[in-house]
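# coords please:
(chains A, B, C and D)
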2 protein chains.
Amino acid sequence: MKRRDEEFAPLWELNKIWETLTEEERKYAAEQAEVVYYEKNELIHSDGEMSLYMWMLLRGKVRIFKEGIGQRQQIIRLLKPYDIFGYRACIADEGYNSSASAVESCAVYRMPKACFMQLIRRNGAFCYQVMLMMAKDLAFSEIQTVNLTQKHIRGRLAESLLLLLKNYGYEEDGQTLAMLLPREDLANMSNMTTSNAIRTLSQFAQEELVAVEGRHIRILNEKSLEKISRLG
Amino acid sequence: MKRRDEEFAPLWELNKIWETLTEEERKYAAEQAEVVYYEKNELIHSDGEMSLYMWMLLRGKVRIFKEGIGQRQQIIRLLKPYDIFGYRACIADEGYNSSASAVESCAVYRMPKACFMQLIRRNGAFCYQVMLMMAKDLAFSEIQTVNLTQKHIRGRLAESLLLLLKNYGYEEDGQTLAMLLPREDLANMSNMTTSNAIRTLSQFAQEELVAVEGRHIRILNEKSLEKISRLG
DNA sequence: AATTTAATATGTTTTTTAGCACATTTTTCT
DNA sequence: AGAAAAATGTGCTAAAAAACATATTAAATT
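The predicted structure is shown next:
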């Protein structure tokens, strides 16, 4: 983790939750928030560790995951720039209940818990925005529980690919997923072993649902993937 | 669903989130909240249906569940008196993202969404209490995702039994779970088929971890159950 | 650029879990 | 209370997924 002098747009231009802050609060938030940098695969925070900051991703990609049984990890969600994380633990004044690490080198705003909670207490509209964000995260988590427990391998992998597509979109070619993920991460998202992720992705390639070149995945038949995901 | 004239203690004596309300707000809340009754297995709200109320359980037990693939259901959580539910959808102004049905006949307070949201907007302390509740629910959901995906059948069943114990405690004998649940619900909690729930519970009985008499389950060896749950 | 290390691909075996059948018991309903 | 409907208990079979092995390829490191 490094700190560097680099200019990023102010908070309120990056995520609408900050738009609810008054001039004074914006100034306070900007003073307190600090840009920090992480290398690829570096740990940002870890499960159980007491929450000291809430974070907003500025550049790069981050995975939020939990360690399960026998070092198997489950990726809870993947973040893109301006997504906010680590805020739940701050609100509950608990340790983080998951770990965060950089998928690729990235820049992050971190805001001390005290500052964040101050803003929540002072500003009802801000509090409401945070609440709304949490309501979305909760809905997603409950949907994900059912996806991961009830769908079969093919359905789970298709689901993950569509999730990546929805979250990161395509490269300029309009086909290639704008997210390079090792197969192991794909497996950890989809609740399966790495070899099953590899095998199933190969199957999808044979069926011409996707085309694979290393970590570059082109989506050839989104409709069919949706169907596979839907039927489990 | 019926309505009856029956007296329940006022909201603020039943769940601490209501303690944050002012006198005036308490009066408003009490006016707007209404007691409704549901028969065993009656549906209280269903997944996708637009949220009109938030609810607080007064008497009885309620299951919150999602329908997955091929009518298999996943129980997201089980409620005991004074637990609050259906509030997430109100906050996000969305449809419910799960269904709720009565495990046994029960009484419920229901409060119109507009009233609930009014209180949230007006009263920062109340908003914060709701937020805190949601933070707990979110943490639970994420833990549950990992439990249900990574643990093996025995681990998942042990987990569920301990969850029931934590939530409902023992009967007066200090051994029998104060929650009668058909094996199918036990299966739907634990992400397994009904026959596997029956089979695995029988195994636990043979190993003298529990004693089973119909739906009455006595916990004989909590320590061992914890170990089985922990190791997956 | 070369070397080491890690990731990917694929086949095979073993374990785990679901699915089905059917007898028996318990609940529910009238 | 008695009949009908559900739920439970067990055995067996099939399917799904994990585990393991090993070759190949790509990525990271010096």
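# ok, A:Gln206 to DNA strand C distance?
8 Å (C-beta to the nearest atom of the strand, to the nearest Å). Every residue, glycine included, has its C-beta placed from N, CA and C.
# and the helix or strand hosting A:Met54, which residues are buried?
A:Met54 belongs to strand A:53-59 when elements are defined using DSSP states H and E. The neighbour-count check on strand A:53-59 (16 or more other C-beta atoms under 10 Å in any protein chain shown) flags A:53-58 as buried.
# excluding sequence neighbours, find me the nearest residue to A:Ala125.
Counting by C-beta to C-beta, 6 or more residues apart in numbering or on different chains, the nearest residue to A:Ala125 once its immediate chain neighbours are dropped is A:Thr20, at 4.0 Å.
# what average pLDDT does the longest helix along chain A get?
Assignment by DSSP state H gives helix A:124-150 as the longest helix of chain A. Confidence over helix A:124-150, taken as the mean pLDDT, stands at 96.
# off-centre distance for that helix?
How far helix A:124-150 lies from its chain's middle: 13 Å, per C-alpha atoms, centre = their mean, to the nearest Å.
# which of the residues in it are buried?
Neighbour-count burial for helix A:124-150 flags A:124, A:126-131, A:133-135, A:137-142, A:144-150 (criterion: 16+ other C-beta under 10 Å).
# list the contacts of A:Asn147.
Counting by C-beta atoms under 8 Å, 6 or more residues apart in numbering or on different chains, A:Asn147 touches A:155-156, A:159.
# which residue ranges make up each domain of chain A?
Split into domains by automatic domain parsing, chain A comes to A:11-141, A:151-231.
# which one of the ones you listed lies nearest to B:Met117?
B:Met117 lies closest to domain A:11-141 among the domains of chain A, at 9.5 Å (C-beta to C-beta).
# how about the closest one against DNA strand C, any contact?
No: residues of domain A:11-141 contacting DNA strand C under C-beta under 7 Å from any atom of the strand: none, with a closest distance of 8.3 Å.
# which one of the domains of chain A lies closest to B:Ala30?
Nearest to B:Ala30, of all the domains of chain A, is domain A:11-141, at 23.1 Å by C-beta to C-beta.
# from the chain's centroid, how far away is the closest one?
Domain A:11-141 has its C-alpha centroid displaced from the chain centroid by 10 Å (C-alpha atoms, centre = their mean).
# picking up where we left off before, give me the angle between the strand holding A:Met54 and helix A:124-150.
Taking axes from the mean of the first three to the mean of the last three C-alpha atoms, to 10 degrees, one finds strand A:53-59 and helix A:124-150 inclined to each other by 80 degrees.
# packing partners for strand A:53-59?
Strand A:53-59 is packed against strand A:43-45, strand A:84-85, helix A:87-92, strand A:106-112, helix A:113-122, with contacts defined by 3 or more C-beta pairs under 8 Å, 6 or more residues apart in numbering or on different chains; DSSP states H and E.
# can I get those in TSV with mean neighbour count and distance to B:Val108?
Below are those laid out as TSV (neighbours: other C-beta atoms under 10 Å in any protein chain shown; distance: least, C-beta to C-beta, whole Å):
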stretch	mean neighbour count	distance to B:Val108
strand A:43-45	19	39
strand A:84-85	22	34
helix A:87-92	24	26
strand A:106-112	21	39
helix A:113-122	18	30
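# figure out which of those is closest to B:Ser190.
Closest among these, using C-beta to C-beta: helix A:87-92, at 25.5 Å.
# quick one: is that closest one near chain B?
Yes: for helix A:87-92 and chain B, the contact criterion (C-beta under 8 Å from any C-beta of the partner chain) is met by A:88, A:91-92.
# now, among the residues you listed, which is nearest to DNA strand C?
Set against DNA strand C, the nearest of the residues of helix A:87-92 next to chain B by C-beta to the nearest atom of the strand is A:Arg88 (28.6 Å).
# check the secondary structure at A:Ala100 for me.
With DSSP: H, G, I helix; E, B strand; the rest coil as the basis, A:Ala100 sits in strand.
# tell me the bridge partners for it.
A:His45, A:Ile64 (DSSP bridges).
# which ones are touching A:Ile228?
A:Ile228 makes contact with A:154-155, A:158, A:209, according to C-beta under 8 Å, 6+ apart.
# please name the nearest non-neighbouring residue to it.
Here the residue nearest A:Ile228, using C-beta to C-beta, 6+ apart, is A:Ala158, at 4.1 Å.
# doesn't that neighbour lie inside a helix?
Yes: counting by three-state DSSP, one finds A:Ala158 located in a helix.
# number of nearby residues for it?
Neighbours of A:Ala158 under the rule other C-beta atoms under 10 Å in any protein chain shown: 27.
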